[in-house]
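What follows is a protein structure lacking sequence information:
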């Protein structure tokens, strides 16, 4: 394709059409040190990541993904980020955020971010799996809990953000999907503020290029 | 380019293109009484007659609109209101769960204004049960609107039976025939539909032009666009003369070619369907029934996602569409596919091939090979 009106950046295109580091042998044969998964086929995206670790560095990462072009492209990009220059240290790899992958990809359409950039979560799961397999469970930090906004229904700020990334832009839809502020309703002004904040953050342009 | 997305839009018929080019200098307003205007008026009326002849109705019953969506909006909003902004509440409309968005979202909008809507379910083939229509009728029912054939899966509804039920109960019936026209015979003398919508660009005509058929003697509808007396005061604004001349020619060509084209298209669709089934494992046809448009094939390639398939086929120069959430920009996969009882993950894997008059046997052979290669590639990297 020579057209320039593609929805995706050239980097996404490159990684989608020629994905790097796909697991080509069987799981048994590859014999990973850690395996992690994220997503669900019902939602249209599922990815599994396999890592090999030596001297606290990921020297090889393989993956398999069910999903759209940005799901495939972003997992492929992640595999390159993690393994280039002799491999990333586990602590560094644990800190990778969707924004880091998005930046490397040269941006993604906003509605693709939450549904398709799941690689960082699958990678963290793989690293934790490695820690468990190698008796280093002390290194598994329980992730900092996100702040609860709606105390009646236990809805966190993170959840609201994720809903926006899935394409929710108005309060009614958010409420329908999360039940937020449907009990006492006290949190509604704050929820509306957060919704507004994230919509402005992610949807100001057609392409979100990361912070 | 192998174009297999003819349900989205079609290329202009060469005769239509020629007709439009020849017409372009005729700038007269058909409402003007001088020669320039009269000449264009005559051409507009010729086009209207072509449409009426094809549908077997009276030219007076043909209203030109800006497309199928406008025709659908005119009927649905008109049936519940004295004008588009003062709808009468406590009315009821019956429709199906798999209508086009221009019907669905218009009804959703009316629901906000206290119009009640019954969305009838469909079976695994996408068929509405006429008995369900009968059972849904209430004394407040002001309209039954059921599409003639579905855009995503091609299922053809039992419109004749549904029309009989509507007629028996004295309820106006509308059908969105945008996908049916030009593919299956629609005879408005044989079938007593009150309102019917069709679109120019789905039948090798130009975009921005459509038709609303309104049977004589049915309830007059309040126009969506008020103004001058054009189109029998049903659609104000100076006529889209280029579009009208174009759709008139497109319909004239349908009259000449439809039977032979449809035979060819059905043959090619069946070849594509059997080729894919033979060469690729673990696939399922969505809405597979004899009562299906001749050019439509909707397939789920299980374990891989539709947008990926679409974009890789695009790389091969093959144009298709998908019911996956990813390419629609919405959060959910196609509501048409899931209404069949197909699980969401399978709906994400669906691809629609829709054939047209320009497709050849060679296109189909190449497509089968490209799809096989694409599915194989994506399945190898799939996590399922």
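Arrived safely. On a predicted model such as this, the values are computed, not experimentally measured, just so you know.

List, one by one, the residues from chain A near chain B.
Contact residues, chain A versus chain B (C-beta under 8 Å from any C-beta of the partner chain): A:1, A:16-17, A:19, A:22, A:24, A:37, A:39, A:41-48, A:63-69, A:71-72, A:111-112, A:115-116, A:166-168. C-beta coordinates here come from the backbone N, C-alpha and C atoms, glycine included.

Let's see which of those residues end up in helices.
Here DSSP state H is the test, and those give A:16-17, A:69, A:71-72, A:115-116 as lying in helices.

Pull the most distant pair out of these.
Of all pairs drawn from these, the widest gap by C-beta to C-beta lies between A:17 and A:115 and measures 20.4 Å.

So between these two, which is more surrounded?
residue A:115 (22 against 16; other C-beta atoms under 10 Å in any protein chain shown).

While we're on the more buried one, how confident is the model there?
Note on residue A:115: pLDDT of 68.

One more: the one 10 residues further on?
Per-residue pLDDT puts residue A:125 at 92.

give me phi/psi at it?
When read as degrees, to the nearest 10, the backbone of residue A:125 gives phi -60, psi -40.

which residues of chain B score low on pLDDT?
B:82-89, B:326-331 (pLDDT under 70).

oh sorry, the question was meant for chain A
A:1-5, A:114-115, A:141-145, A:211.

and the most far-flung residue of it relative to its centre, which of the three is it?
Farthest-out residue of chain A from its mean C-alpha position, per C-alpha atoms, centre = their mean: residue A:184, at 32.6 Å. Secondary structure for residue A:184, judged by DSSP: H, G, I helix; E, B strand; the rest coil, is coil.

could you list every residue that touches the residue nearest the centre of chain A?
Chain A has residue A:118 as the residue nearest its centroid, 2.7 Å off, counting by C-alpha atoms, centre = their mean. Residue A:118 makes contacts with A:38-39, A:45, A:47, A:71, as judged by C-beta atoms under 8 Å, 6 or more residues apart in numbering or on different chains.

And residue B:167, by the same measure?
Applying C-beta under 8 Å, 6+ apart, the residues contacting residue B:167 are B:173, B:192.

run the last query once more with 6 Å
Residue B:167 is in contact with residue B:192, counting by C-beta atoms under 6 Å, 6 or more residues apart in numbering or on different chains.

just to revisit the earlier point, filter the contacts of residue A:118 down to just the ones in strands.
The strands, defined by DSSP state E, take in A:38-39, A:45, A:47 from those.

So which elements touch the helix or strand residue B:276 falls within?
Element membership of residue B:276, judged by DSSP states H and E, is helix B:241-279. Secondary-structure packing of helix B:241-279 (3 or more C-beta pairs under 6 Å, 6 or more residues apart in numbering or on different chains; DSSP states H and E): helix B:14-23, helix B:35-55, strand B:296-301, helix B:361-381.

Dump the contacts of residue A:118 into TSV; add distance to residue B:31 as well.
Shown next, in TSV, are the contacts of residue A:118 (distance: C-beta to C-beta, whole Å):
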residue	distance to residue B:31
A:38	63
A:39	59
A:45	55
A:47	61
A:71	55
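
Please spell out which residues along stretch B:288-298 are buried.
B:288, B:292-298 (16 or more other C-beta atoms under 10 Å in any protein chain shown).

Quick one: distance of it to the chain centre.
Offset of stretch B:288-298 from its chain centre (C-alpha atoms, centre = their mean, to the nearest Å): 14 Å.

what sits up against that stretch?
Residues contacting stretch B:288-298 (C-beta under 6 Å, 6+ apart): B:125, B:149, B:153-156, B:183, B:262, B:265-266, B:269, B:272-273, B:286-287, B:350, B:352-355.

Select from these every entry located in helices.
Counting by DSSP H, the contacts of stretch B:288-298 place B:262, B:265-266, B:269, B:272-273 in helices.

from those residues, which single one is nearest chain A?
The closest of the ones in helices among the contacts of stretch B:288-298 to chain A turns out to be residue B:272 (C-beta to the nearest C-beta; 22.9 Å).

Could you report the separation of the spatially closest residue to that closest one that is not a sequence neighbour from residue B:318?
Nearest non-adjacent residue to residue B:272, counting by C-beta to C-beta, 6 or more residues apart in numbering or on different chains: residue B:364, 5.0 Å away. Distance of residue B:364 to residue B:318, given as C-beta to C-beta, to the nearest Å: 11 Å.

Burial check on the closest residue to chain A within the stretch 101-250 of chain B, number of neighbours?
Per C-beta to the nearest C-beta, residue B:112 is where the stretch 101-250 of chain B lies closest to chain A, at 11.2 Å. Neighbourhood size, residue B:112 [other C-beta under 10 Å]: 8.

Leaving out chain neighbours, which residue sits closest to residue B:172?
residue B:194 (4.5 Å).

where exactly do the strands run in the stretch 51-200 of chain B?
Using DSSP state E, counting those that start in this stretch, the strands of the stretch 51-200 of chain B run over residues B:62-65, B:92-96, B:116-120, B:141-145, B:173-176, B:195-199.

Serialize those to a markdown table and add fields for mean neighbour count and distance to chain A.
Output for the strands of the stretch 51-200 of chain B, formatted as a markdown table (neighbours: other C-beta atoms under 10 Å in any protein chain shown; distance: least, C-beta to the nearest C-beta, whole Å):
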| stretch | mean neighbour count | distance to chain A |
| --- | --- | --- |
| strand B:62-65 | 25 | 29 |
| strand B:92-96 | 25 | 22 |
| strand B:116-120 | 18 | 17 |
| strand B:141-145 | 23 | 26 |
| strand B:173-176 | 28 | 27 |
| strand B:195-199 | 29 | 25 |
